[in-house]
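> Just to be clear, the model below is a prediction. Sequence and coordinates:
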Amino acid sequence: MENITVKLGKIVSDAFVKAGYGGDSAPAVTVTLSDRPDLCQFQSNSAFAYSKVFRKAPFMISDDVAKVLNDSDILTAESVKPGFININLKDSCILSLLQELAEDEHYGIAQQSGRLVMDYGGPNVAKPLHIGHLRSAIIGQSLKNIARMCGLTVTSDIHLGDWGLQIGLVIAELNDRHPEWNCFAEDYDGSPVPELDVDLLNEVYPTASARSKTDEAFAAKAHTATFELQSGRAGYMALWREIMRVSCEDLKKNYDALGVDFDCWYGESDADKYIPGLYALLEEKGLSYESEGALVVDVAKEDDKSPVPPIIVRKSDNSSIYATTDLATIIQRQQDFAPDMIWYVVDNRQEFHFTQVFRCARRAGLVPDDTKLEFLGFGTMNGKDGKPYKTREGGVMRLSDLIGTVCEAARARLDESGKVDESEREEYAKRIGIAAIKFGDLINHRSKDYIFDLDKFLSADGKTGVYVLYAVSRINSVMAKAANEKGSFEVISTDSERALALKLLSSPESFGAALRERAPSFVCDDMYNLAAAFSGFYHENRIADEEDASKRSTRLALCALTRRMITAELDALGIKPVEKM
RNA sequence: GCGCCUUUAACUCAGCUGGAUAGAGUAACUGCCUUCUAAGCAGUAAGCCACAGGUUCGAAUCCUGUAAGGCGCGCCA
């Protein structure tokens, strides 16, 4: 289905031509939602642009165009000084557009095509998920859903950090503690390695990481272990597989709880087999050379405002580095998926690194020239003091702790209200908690830092995920009262009905905006506004017990369509609604 | 030092390619539950859009500069 402003844009554009303002030099005509809802529903400011080309006062042009537009039987137009064209849809038109929207299988979202690979999540194995991992997961998941709803073919890849120094650190630390383990023997025989558990891993990594900063000998051991692992040392590989088993199981559990999933659970290690080919290609094209013992590729450009140093593709100890695996992964993705775009949903602070990686990939021709490699950076979650969020104890908050705390608050509120059966409260509390967390994050623009306020999440008043779920549960409730009645769009009799209707018609555009800007906040914000429009409508009109049949029928149809649209938006944001609350 | 980002109401943030009176939520203050869920609705108050120039008929929005804060700048990811 065509977006409403696009549809109107064409009509107004035709009117410009009919009014005598055509030709190749004529600017594009645009129609937008009105900035002044008290004056009109939609507006076009194109007469201003036309006045420059046609050397005529804007008002004279808008006047001519409005006259033509008023011949239409679906809208009324008014020319307002200095040159605005104010447009209102006739109610009959609104009603038929609502019907069209209700029948559209894509929720009115304009469809596009393309193949997209998305890289998000990016957790390191052997490290617990903390709130620093939250944004990549939920922004990535949401962008994936949005892209799919817009018609794109998307493959998502978690891109585990499973092949770098962090693994070497864990191996070195375990080796120190348990030198007797079979996997550390030079002549490891392939027998099963000792079983690990996630709590152990979660403790070992931070310890090893801290130790490497002060203990040079230990750091050297970790580097050696990393290199030997990457070289395929059997005992280390066996231990690595055990680390992976334990860690991935735990990661899956955490991502499941968040409602985040991935089509591929590839890691840096899966790119390993493309590394020799990468080195060969770089060598063959004469791009790589040795510098201070490392293998590097120049990626500077003449118009760089500040010097861009060469990218290191192989460390001086011969082991690979994140640039290596990122480049090799591009080869893998090109080979497996031949995407039109690859999106990286990664912390803003990695932008420079990806600039280097993308430039190197271009120089080496790892993907066709028209394949887009995009860095979609996200901002940091800061505490109320504006610094990276820390718990009261000063540590980093575990993701599972955050989810638990917020869900507990939701549970307490459900217990208090008593609207939900005991048997369903736990599940509903989880959904409400996750909704609060996801909405609270996604309402912020992807690329900006934001202040994370746990108290705000717990109170859940106002512009929150809870508000939206509450609106949905009220729709459920009112529709249940008239369950045997289908509803149809017959008549608009109040302003709040019309406001809701117009909001519904414009909602699909938020998906296009979110996709174009690669930012779920557009859908999130629209969803809130739709829920708010519904709340106003709900309070001002009787619905299930309205006596006039046409009004009742229309209002029920509005409820059904609102629920459908909000549900689609919730779905896009990875939020599950609840039946009641 | 160089580069990138941010600066809008007391607080947290919107503000699309420049356009008509700069918008939400929170906090504050008023009203509204014997009628479909008050986790709600309606309203009041609150803004030299960081500062200074410039472009334009018109600037929170574009350009230049200044200030404050954040982030990044070869062998972590």
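Noted; the coordinates are in hand.
> what sits against the nearest residue to A:S51 once chain neighbours are set aside?
For A:S51, ignoring the flanking residues on the chain, the nearest one in space by CB to CB, 6 or more residues apart in numbering is A:P58 at 4.2 Å. No exception for glycine: its C-beta is placed from N, CA and C like everyone else's. A:P58 sits next to A:47-48, A:50-51, A:82-83 when contact means CB atoms under 8 Å, 6 or more residues apart in numbering.
> Report the buried members of these.
Among those, those scoring as buried are A:47-48, A:50-51, A:83 (criterion: 16 or more other CB atoms under 10 Å).
> Can you lay out the residues you listed as TSV showing pLDDT, distance to A:I74 and secondary structure?
Listed next are the buried ones among the contacts of A:P58 as TSV, based on pLDDT from 0 to 100; distance: CB to CB, whole Å; DSSP: H, G, I helix; E, B strand; the rest coil:
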residue	pLDDT	distance to A:I74	secondary structure
A:A47	95	21	helix
A:F48	94	25	helix
A:Y50	93	23	helix
A:S51	92	27	helix
A:G83	94	23	helix
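> Considering only those, which also neighbour RNA strand B?
Among those, the ones lying near RNA strand B by CB under 7 Å from any atom of the strand are A:48, A:51, A:83.
> Could you list which residues are in contact with the first one?
Contacts for A:F48 (CB under 8 Å, 6+ apart) come out as A:58, A:82-83.
> just A:A26 next, same as before
The contact partners of A:A26, by CB under 8 Å, 6+ apart, come to A:16-17, A:50, A:53.
> quick one: which of those sit in helices?
Counting by DSSP state H, the part of the contacts of A:A26 found in helices is A:16-17, A:50, A:53.
> Now restrict the residues you listed to buried residues only.
Of all the ones in helices among the contacts of A:A26 considered here, the ones buried according to neighbour count by 16+ other CB under 10 Å are A:16, A:50.
> Need the max-distance pair from the ones in helices among the contacts of A:A26.
Greatest spatial distance among the ones in helices among the contacts of A:A26 (CB to CB): A:V17 and A:V53, at 13.4 Å.
> Does A:A460 touch A:A436 like I think?
Yes: between A:A460 and A:A436 there is a contact at 5.6 Å, judged by CB atoms under 8 Å.
> shared neighbours of those two, which are they?
Jointly contacting A:A460 and A:A436 under the rule CB under 8 Å, 6+ apart are A:410, A:466.
> okay, those two: which has more neighbours?
More crowded of A:A460 and A:A436, by other CB atoms under 10 Å: A:A436, with 26 against 22.
> all strands in chain A, in order from the N-terminus.
Remark: strands assigned in chain A by DSSP state E are A:32-33, A:42-44, A:75-80, A:84-89, A:115-119, A:153-157, A:288-291, A:294-297, A:311-314, A:341-347, A:372-378, A:381-382, A:450-451.
> Reformat the ones you listed as JSON lines; add mean pLDDT and mean neighbour count.
Putting the strands of chain A into JSON lines (pLDDT from 0 to 100; neighbours: other CB atoms under 10 Å) gives the following:
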{"stretch": "strand A:32-33", "mean pLDDT": "94", "mean neighbour count": "14"}
{"stretch": "strand A:42-44", "mean pLDDT": "96", "mean neighbour count": "24"}
{"stretch": "strand A:75-80", "mean pLDDT": "95", "mean neighbour count": "19"}
{"stretch": "strand A:84-89", "mean pLDDT": "96", "mean neighbour count": "22"}
{"stretch": "strand A:115-119", "mean pLDDT": "98", "mean neighbour count": "23"}
{"stretch": "strand A:153-157", "mean pLDDT": "98", "mean neighbour count": "20"}
{"stretch": "strand A:288-291", "mean pLDDT": "95", "mean neighbour count": "15"}
{"stretch": "strand A:294-297", "mean pLDDT": "97", "mean neighbour count": "20"}
{"stretch": "strand A:311-314", "mean pLDDT": "96", "mean neighbour count": "22"}
{"stretch": "strand A:341-347", "mean pLDDT": "96", "mean neighbour count": "22"}
{"stretch": "strand A:372-378", "mean pLDDT": "96", "mean neighbour count": "18"}
{"stretch": "strand A:381-382", "mean pLDDT": "92", "mean neighbour count": "18"}
{"stretch": "strand A:450-451", "mean pLDDT": "92", "mean neighbour count": "14"}
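> Output those strands as TSV; include the columns distance to RNA strand B.
Shown next, in TSV, are the strands of chain A (distance: least, CB to the nearest atom of the strand, whole Å):
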stretch	distance to RNA strand B
strand A:32-33	5
strand A:42-44	4
strand A:75-80	4
strand A:84-89	4
strand A:115-119	12
strand A:153-157	14
strand A:288-291	5
strand A:294-297	4
strand A:311-314	5
strand A:341-347	7
strand A:372-378	9
strand A:381-382	7
strand A:450-451	4
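> Please report the distance of the residue located most distally from the centre of chain A from RNA strand B.
Distance from the C-alpha centroid of chain A, by CA atoms, centre = their mean, peaks at A:D187 (47.8 Å). Separation of A:D187 from RNA strand B (CB to the nearest atom of the strand, to the nearest Å) stands at 28 Å.
> and that residue, what does it touch?
Contact criterion CB under 8 Å, 6+ apart gives no residues in contact with A:D187.
> May I have the phi/psi pair for it?
Backbone geometry at A:D187, expressed as degrees, to the nearest 10, gives phi -110, psi 50.
> can you tell me how far it sits from A:A557?
A:D187 sits 75 Å away from A:A557, going by CB to CB, to the nearest Å.
> Check A:G404 too.
Separation of A:G404 from A:A557 (CB to CB): 40 Å.
> hang on, A:E426 packs against A:A410?
No: judged on CB under 8 Å, A:E426 makes no contact with A:A410 at a distance of 10.1 Å.
> These two: who's more crowded?
It is A:A410, of A:E426 and A:A410, that has more neighbours when counted by other CB under 10 Å, with 26 against 13.
> Hmm, that one is touching A:E427, no?
No: A:A410 lies out of contact with A:E427 (CB under 8 Å); the separation is 10.9 Å.
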